[in-house]
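Student: Here's my sequence, what's the structure:
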Amino acid sequence: MSSPLVFSSLRRRKTPLSGAFFTPADLGDLELIRTVESIAGDLISCCGNPDAFPPLFQRKNIRSLIRKVDILLALLKLLGSGDSISQLPSSVITCLKELYIVIHRARILLDFCSQSSRIWLLLQNPQISGHFHDLNIEIATILDVFPLRELDLPGDVREQVELLHRHCRRSNLFLEPRDEAQRLRIFSFLEKFEKGEAPDQADLRSAFFHCLRIRDAKDFLAEIEYLEDQICSQEEDADPSLLGGVIALLRYCRFRLLGSLEEEETKNRNSFFQLNREPSISIPKDLCCPISLDLMKDPVITSSGQTYDRASITQWIEEGHRTCPNSGQMLSHSRFMPNRALRNLIAQWCMGQGIPYDPPDEHDTSSTMSSSSAAAAAANKKQQKFC
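Tutor: Now for the predicted structure:
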């Protein structure tokens with residue numbers, strides 16, 4: 001099984017079980033049994049070994065789902081080994097077609113848990129738990145109509161399937177307390193930044209190094225890129241404001257916990273530094289505005305979840321643009337959220353370099369997007385030349 005940070009084609013699938021699933025229509029009865037048995041067996045072989053399948057989250061839900069599929073696999077093997085396939089009740093074939101879809105969806109969900117960003121899995125913990133619960137209900141529904149008593153099955157297999165049926169019927173949505181505690185912990189860090197406070201460094205190290213196992217610059221970068229992908233894909237599960245804050249938190253942690261951003265530094269020259277230090281100073285890429293390529297003095301988050309210096313993104317909008325410069329996503333409004341985590345990081349970096357930095361006063365974040373026409377945008381540009 002791939003490392004959780006080796007992202008597959010599931011990278012942009014934020015709702016793992018979204019979309020339609022169909023059973024192949026050209027399968028005979030025996031082929032159908034063999035096919036369902038095969039995909040169930042593949043799931044068990046790939047995900048049934050805890051050493052080969054070690055996701056950080058949803059562990060109890062994952063183990064429970066694998067045990068259910070294992071019991072169903074034993075039933076499938078018995079059905080496929082008999083000589084009376086043609087005598088199976090038609091309801092069995094109908095159930096097997098539905099079971100094909102359920103096991104296929106189970107494999108997609110398990111792959112999603114194994115291959116997705118750790119932070120994203122944590123943020124989506126309640127929704128993903130809901131997907132596991134949905135699969136429980138679907139298995140229970142199939143077993144409701146499965147004609148178990150009409151089949152000549154060994155007593156132990158029959159008993160296991162009946163117990164599985166009752167268990168699925170009684171199961172409730174399960175949220176792993178440890179996972180939920182970690183999710184709320186991330187939110188607590190964001191709340192501190194909203195209050196203008198910096199989280200305790202020991203708490204950050206415990207959360208990211210020990211609990212999330214995000215321990216080096218490569219891990220942090222992979223998490224940041226994944227969350228940026230979610231914003232750019234514009235899917236309904238992605239809250240740009242929330243993800244923008246989490247991205248800022250990740251960048252802050254990378255700087256605070258790793259001590260340097262040497263791997264991400266750029267050679268951009270900044271007019272701010274030219275007045276204070278030698279122009280050869282390198283500015284970490286994370287601290288530069290994507291528009292001006294200069295050190296951000298007042299970083300803000302747009303409706304697309306991207307961060308820019310307030311002056312640069314304001315000018316971009318006043319020139320008549322309605323899209324995010326980075327992602328190309330249409331901006332739903334021009335209200336900006338102060339990126340306090342990044343502002344704190346910039347202040348600390350400047351302090352370490354011996355460079356004066358005066359944090360700007362809080363701005364009114366309720367400004368609305370100008371309705372400038374092309375002529376007005378041109379007038380803005382002309383006016384700015386003389387300012």
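Student: you'd agree Ile231 is up against Thr307?
Tutor: No - between Ile231 and Thr307 there is no contact under C-beta atoms under 8 Å: 10.9 Å. Placement of C-beta: from N, CA and C, glycine included.
Student: okay, and the common contacts of the two?
Tutor: Each of Gly244 lies in contact with both Ile231 and Thr307 under the rule C-beta atoms under 8 Å, 6 or more residues apart in numbering.
Student: which SS state does Val300 fall under?
Tutor: Here Val300 is strand, with the state taken from DSSP: H, G, I helix; E, B strand; the rest coil.
Student: Excluding chain neighbours, what is closest to it?
Tutor: Phe336 (3.7 Å; C-beta to C-beta, 6 or more residues apart in numbering).
Student: how close does the one you found sit to Asp286?
Tutor: 18 Å (C-beta to C-beta, to the nearest Å).
Student: so where is this protein shaky, pLDDT-wise?
Tutor: 1-20, 48-54, 82-86, 234-238, 259-281, 361-387 (pLDDT under 70).
Student: per the record, what domains does it have?
Tutor: 9-174, 180-385 (automatic domain parsing).
Student: Reformat these as TSV; add mean neighbour count.
Tutor: Shown next, in TSV, are these (neighbours: other C-beta atoms under 10 Å):
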stretch	mean neighbour count
domain 9-174	17
domain 180-385	17
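Student: In terms of helices and strands, where is the spatially most central residue of the chain?
Tutor: Nearest to the geometric centre of the chain sits Trp120, at 2.6 Å (C-alpha atoms, centre = their mean). Using DSSP states H and E, Trp120 falls within helix 118-123.
Student: chain center to that helix, what's the gap?
Tutor: 5 Å (C-alpha atoms, centre = their mean, to the nearest Å).
Student: name the helices or strands packed onto the helix or strand that that helix is followed by?
Tutor: Next helix or strand after helix 118-123 toward the C-terminus (DSSP H and E): helix 125-145. When contacts are defined as 3 or more C-beta pairs under 8 Å, 6 or more residues apart in numbering; DSSP states H and E, helix 125-145 sits against helix 59-81, helix 90-115, helix 155-170, helix 177-194.
Student: For Ile33, find the nearest of these.
Tutor: Proximity to Ile33 (C-beta to C-beta) singles out helix 59-81 among the helices and strands packed on helix 125-145, at 4.4 Å.
Student: how big is the angle separating that closest one from helix 177-194?
Tutor: 140 degrees (axes from the mean of the first three to the mean of the last three C-alpha atoms, to 10 degrees).
Student: Does the nearest residue to Ile101 once chain neighbours are set aside belong to a helix, a strand or coil?
Tutor: Distances taken as C-beta to C-beta, 6+ apart put Phe21 closest to Ile101, at 4.7 Å, once the chain neighbours are dropped. Following three-state DSSP, we place Phe21 in the coil state.
Student: what sits against Phe21?
Tutor: Ile101, His104, Arg105.
Student: Can you add distance to Pro147 and give these back as a markdown table?
Tutor: Shown next, in a markdown table, are those (distance: C-beta to C-beta, whole Å):
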| residue | distance to Pro147 |
| --- | --- |
| Ile101 | 19 |
| His104 | 23 |
| Arg105 | 23 |
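Student: Make sure Asp309 is actually in contact with Leu293.
Tutor: No - using C-beta under 8 Å, Asp309 makes no contact with Leu293, being 10.1 Å away.
Student: coming back round to it: got the helices and strands packed on helix 125-145 as a markdown table, with distance to Thr323 columns?
Tutor: Below are those laid out as a markdown table (distance: least, C-beta to C-beta, whole Å):
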| stretch | distance to Thr323 |
| --- | --- |
| helix 59-81 | 39 |
| helix 90-115 | 30 |
| helix 155-170 | 47 |
| helix 177-194 | 26 |
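Student: out of the ones you listed, nearest to Pro360?
Tutor: helix 177-194 (15.8 Å).
Student: for the closest one, the distance to its chain's centre please.
Tutor: 15 Å.
Student: Now do that helix: which elements does it pack against?
Tutor: By 3+ C-beta pairs under 8 Å, 6+ apart, helix 177-194 packs against helix 118-123, helix 125-145, helix 201-205, helix 240-258, helix 340-353.
Student: Residues touching the helix holding Trp120, excluding its own?
Tutor: Contacts of helix 118-123 (C-beta under 8 Å, 6+ apart): 4-5, 14, 55-58, 113, 128, 179, 182-183, 186, 212-214, 223, 226-227, 230, 242, 246, 250.
Student: Repeat that for stretch 205-217.
Tutor: 56, 118-119, 122, 182, 185-186, 189, 219-220, 223, 250, 253-254, 257-258, 261, 263-264.
Student: Apply 7 Å and report the result again.
Tutor: Leu56, Arg118, Ile119, Gln182, Arg185, Phe220, Glu223, Cys253, Arg254, Leu257, Leu258, Glu263 (C-beta atoms under 7 Å, 6 or more residues apart in numbering).
Student: show me the contacts for Gly346.
Tutor: Just to correct that, residue 346 is Ile rather than Gly. With C-beta under 7 Å, 6+ apart, Ile346 has these contacts: Leu287, Leu295, Met296, Tyr357.
Student: cool, Leu143 as well?
Tutor: Here Leu143 is in contact with Val161, Leu164, His165, Cys168 (C-beta under 7 Å, 6+ apart).
Student: How about Ile71?
Tutor: Contacts for Ile71 were tallied using C-beta under 7 Å, 6+ apart; they are Gln160, Val161, Leu164.
Student: What about Ile283? Give its phi and psi, please.
Tutor: Backbone dihedrals for Ile283, given as degrees, to the nearest 10, come out at phi -100, psi 130.
Student: With Pro338 instead?
Tutor: Backbone torsions of Pro338, given as degrees, to the nearest 10, read phi -60, psi 130.
Student: just Asp309 next, same as before
Tutor: Dihedral angles (degrees, to the nearest 10) for Asp309: phi -70, psi 140.
Student: surely it meets Cys288?
Tutor: No - applying C-beta atoms under 7 Å as the test, Asp309 and Cys288 come out as separate, 8.7 Å apart.
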